[in-house]
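Trainee: my questions are about this predicted structure, shown below with the sequence.
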Amino acid sequence: MTKLLMLVTALAAAPPNAKLLVNAEWLNGHLKDKKLVVIHVASRGEEYEKGHIEGAVKLTWGEFVHDEGDKAISELPTPAALKATFEKLGVSDKSTVVVYGAPMHAARAFMTLEYLGHKDVRLLDGGLPAWKAAGYPTVTEATPAKFGKLTAKPRDFVVDAAWVDANRTKARYVLLDARPLDEFAGTETHQGMHAGGHIPGAQNVYFERFLKSRAEPSFLPEPELRSLFQRAGATDDKTVVVYCMIGMRASVAYFVSRYLGYDTKFYDGSWVDWSARQLPSVKGGEPVK
């Protein structure tokens, strides 16, 4: 096979948004790029202090998620607040941003930057474990961030309960529930925190099914990811609508959907919001096979 034919074959096989997912080798080769901003997304600050990629700046969960604690609600802060948060990390309009961390945290940061309208945000496949496995070093010294200048242009892919209820039965939409089966079926209600069940018509694909394993949190190969979506009913002409319990696990489903090239909507309020509004729900069901 000639080099040209090999290149054409590789391009044809690549997902439409392949650049959204970068590997450790790519990131290592671009660490000195002037427009690059690498963000270590952590649930707690000490994760960053224990070791991070050189040059990466720290972003903790509470800085970009509005969390009401006892109400189990985690939603997007205002665009103005998010703009200020990411500008402090050095993000500007022309920055190439690479986020990494635990899959839920990194994907949530990815979704948030896309919501703000940033045009070049990517995710490090496998996060820090993949970086270390590739033999690249980490550092413990904090990286001082340079102040960026970011224009917030919120996009309309984040939807609310009213939108989901009005569109959930339309043939053009596929509703994807990223929770584990017990939550989807309604046998787990987190000690009565909310009603059990799922939105009628939703398909269940637990977010960890997109990953190789917890120990190796890299994404499955593109054909396997696409097959999962297709078995859930997501043909190329459909819009995928993702949700979970509070919008964390759905962030991974959102990233995969975008990576595969689907038009994607994100229901940030997710099941906690839906059930609190006493909107239609059903129990039982099986995951996508």
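Mentor: Done, it's in.

Trainee: residue closest to the middle of this protein?
Mentor: Ala107 (2.6 Å; CA atoms, centre = their mean).

Trainee: name the helices or strands packed onto whichever strand or helix holds it?
Mentor: Ala107 is located in helix 103-115, with elements delineated by DSSP states H and E. Packing contacts for helix 103-115, counted by 3 or more CB pairs under 8 Å, 6 or more residues apart in numbering; DSSP states H and E, involve strand 36-42, helix 61-64, helix 79-88, strand 96-101, strand 121-124, helix 249-259. (C-beta placed from N, C-alpha, C; glycine too.)

Trainee: buried stuff in the helix or strand that the first one is followed by?
Mentor: When you say that, I think you mean strand 36-42. For strand 36-42, the succeeding helix or strand toward the C-terminus, using DSSP H and E, is helix 46-49. Within helix 46-49, the residues that count as buried by 16 or more other CB atoms under 10 Å are 47-48.

Trainee: follow-up on the earlier one: let me see the contact set for the residue nearest to the centre of the chain.
Mentor: 123, 251-252, 254-255 (CB atoms under 8 Å, 6 or more residues apart in numbering).

Trainee: how close does the closest residue to it other than its chain neighbours get to Tyr259?
Mentor: Sequence neighbours aside, Ser251 is the residue nearest to Ala107 in space, at 3.9 Å (criterion: CB to CB, 6 or more residues apart in numbering). Relative to Tyr259, Ser251 is positioned 13 Å away (CB to CB, to the nearest Å).

Trainee: likewise Lys19?
Mentor: 9 Å.

Trainee: pLDDT on stretch 241-248, on average?
Mentor: Per-residue pLDDT over stretch 241-248 has a mean of 96.

Trainee: tell me how far the ends of that stretch are from each other?
Mentor: 14 Å (CA to CA, to the nearest Å).

Trainee: list the contacts of that stretch.
Mentor: The contact list for stretch 241-248 (CB under 8 Å, 6+ apart) reads 72-75, 104, 108, 159, 164, 167-168, 173-179, 183, 190, 194, 199, 202, 207, 250, 253-254, 257, 264-272, 274.

Trainee: hmm, Val159 is touching Gly269, no?
Mentor: No - using CB atoms under 8 Å, Val159 is not in contact with Gly269; the gap is 9.1 Å.

Trainee: quick one: which of those two has more around it?
Mentor: With neighbours defined as other CB atoms under 10 Å, Val159 and Gly269 compare such that Gly269 has more, 21 against 17.

Trainee: tell me the spacing between the more buried one and Ser275.
Mentor: In terms of CB to CB, Gly269 sits 10 Å off from Ser275.

Trainee: now swap in Ala162 and tell me
Mentor: Distance from Ala162 to Ser275, counting by CB to CB: 15 Å.

Trainee: the two - which one has more neighbours?
Mentor: A count of neighbours by other CB under 10 Å puts Ser275 above the other of Ala162 and Ser275, at 22 against 10.

Trainee: host element of that one?
Mentor: Assigned by DSSP H and E, Ser275 falls within helix 270-276.

Trainee: give me the contacts around stretch 22-30.
Mentor: 36, 38, 53, 96, 98, 122-126, 130-131, 133-134, 136.

Trainee: out of the residues you listed, which comes closest to Ser281?
Mentor: The shortest approach to Ser281 among the contacts of stretch 22-30 belongs to Leu123, at 31.8 Å (CB to CB).

Trainee: for the closest one, name its beta-bridge partners.
Mentor: Applying DSSP bridges to Leu123 yields these beta-bridge partners: Leu21, Val99.

Trainee: and the gap between the nearest residue to Glu49 once chain neighbours are set aside and Tyr173?
Mentor: Closest residue to Glu49 apart from its sequence neighbours, by CB to CB, 6+ apart: Thr140 at 6.2 Å. Distance, Thr140 to Tyr173, using CB to CB: 46 Å.

Trainee: these two - which one has more neighbours?
Mentor: Shown here are Thr140 and Tyr173; by other CB under 10 Å, Tyr173 has more neighbours (19 against 9).

Trainee: what pLDDT does the residue nearest to the centre of the chain get?
Mentor: We have a pLDDT of 98 for Ala107.

Trainee: measure it to Leu113 for me?
Mentor: Counting by CB to CB - Ala107 and Leu113 are separated by 11 Å.

Trainee: now Gly285. Nearest residue, chain neighbours left out?
Mentor: Gly285's closest residue in space is Ala185 (CB to CB, 6+ apart), at 5.6 Å.

Trainee: next up, the contacts around that neighbour.
Mentor: Residues in contact with Ala185 (CB under 8 Å, 6+ apart) are 196-198, 283-285.
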